[in-house]
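Novice: just the structure for this:
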Amino acid sequence: MINFVKIIFIFSLMASPCNSLELYGKFTQGGLITGKVDKKIDLYVDNKKIKISDKGYFVFGIPRDQTNKIVIITKKNNKEVNKLIKKVQIRKFKIQRIDGLPKRKVTPTAEDMKKIRSEGKLISKAKNINSNLSYFFDSFIRPAKGITTGVYGSQRILNGKPRRPHYGIDIAAPKGTSVLSSNSGKVILSERSLFFTGGTVIIDHGHGLISIYSHLEKTFVKKNQLVKKGEIIATVGSTGRSTGPHLDFRLYCNNVPVDPDLVISSN
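Specialist: Predicted structure coming up:
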């Protein structure tokens, strides 16, 4: 387990509290960084302005393939206060081969593609939600009991054909095993039979951070429902593109997939 890394930078300029920046997390590929800053300060990460809550909390993700150093800048009244440059730890990702998938699930038909494109719009909309909820600053829990059979970032070869990396973790468990909400939030999608992910639930935790639960057998929550951390939201299944009962669990931060294992182990 990767130890939780806490970094607190106290900027000395004017020795003012508004110049302090707290960062929590691991600066590595797939890492999730949360933090706190004076709400009067503007924060930029790699030239992108980061949303700050009314209590000064914020969050951002580090892409799987990020190799450049991350530049963090704080500004007040449009004037740069401080600049921080963080090196990103490079990871070596696994190669995972999965055989025995139905041919249509690897090479969809033209009719299947219509369904996939339609569902893709639903997923894309959910990934781009950036609400004012602030549950993202609370700790996340493992959403199901079981054995981890797939890890974040692994290059997948399906029925002998290379595909995109896997952006979640797979937890193998018997059908009917309870799936818990990894953190409190609002359900923004609840579907029973998407082409690739089957039964799927997506929960918004605020500021662009969402959790996705896929291949579910049963779902117990509806869109716009508020859920608490640890609440049962579904059961493990083998729906969609799947070779056996398991939960595919993912976290996205402003459309950047981050490593759930890193987030959970940092608690």
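Novice: separation between Lys48 and Gly61?
Specialist: As judged by C-beta to C-beta, to the nearest Å, Lys48 and Gly61 stand 11 Å apart. (Glycine included, C-beta is placed from N, CA and C.)
Novice: do Arg163 as well
Specialist: Applying C-beta to C-beta to Arg163 and Gly61 gives a distance of 22 Å.
Novice: and Lys48 and Gly61? which has more neighbours close in?
Specialist: Gly61 (24 against 9; other C-beta atoms under 10 Å).
Novice: so that one is in contact with Leu262, correct?
Specialist: No. The pair Gly61 and Leu262 does not pass the contact test of C-beta atoms under 8 Å, sitting 10.3 Å apart.
Novice: what's the overlap in contacts for these two?
Specialist: 30-32 (C-beta atoms under 8 Å, 6 or more residues apart in numbering).
Novice: which stretches in the stretch 1-150 of the chain count as strands?
Specialist: Assigned by DSSP state E, counting those that start in this stretch, the strands in the stretch 1-150 of the chain fall at 6-10, 20-24, 32-37, 42-45, 48-50, 57-61, 70-76, 79-86, 95-98, 147-150.
Novice: looking at these, which is nearest to Gly185?
Specialist: Closest to Gly185 of these is strand 57-61 (C-beta to C-beta; 13.0 Å).
Novice: list the contacts of the closest one.
Specialist: 30-37, 43, 45, 50-52, 134, 136-137, 207-209, 252-254, 256-258.
Novice: and stretch 90-100, by the same measure?
Specialist: Here stretch 90-100 has contacts from 28-30, 64, 67, 150-151, 153-160, 165-166, 243, using C-beta under 8 Å, 6+ apart.
Novice: filter those residues down to the buried ones, PyMOL style.
Specialist: Typed into PyMOL, the next command selects the buried ones out of the contacts of stretch 90-100 (criterion: 16 or more other C-beta atoms under 10 Å):
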select buried, resi 28+29+30+64+150+151+153+154+156+158+165+166
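Novice: name the stretch among the strands of the stretch 1-150 of the chain that sits most buried.
Specialist: strand 57-61 (a mean of 23; mean count of other C-beta atoms under 10 Å).
Novice: can you pull the buried residues of the longest helix along the chain?
Specialist: Using DSSP state H to define each element, the chain has its longest helix at helix 110-127. Within helix 110-127, the residues that qualify as buried are 119, 123, 126-127, counting by 16+ other C-beta under 10 Å.
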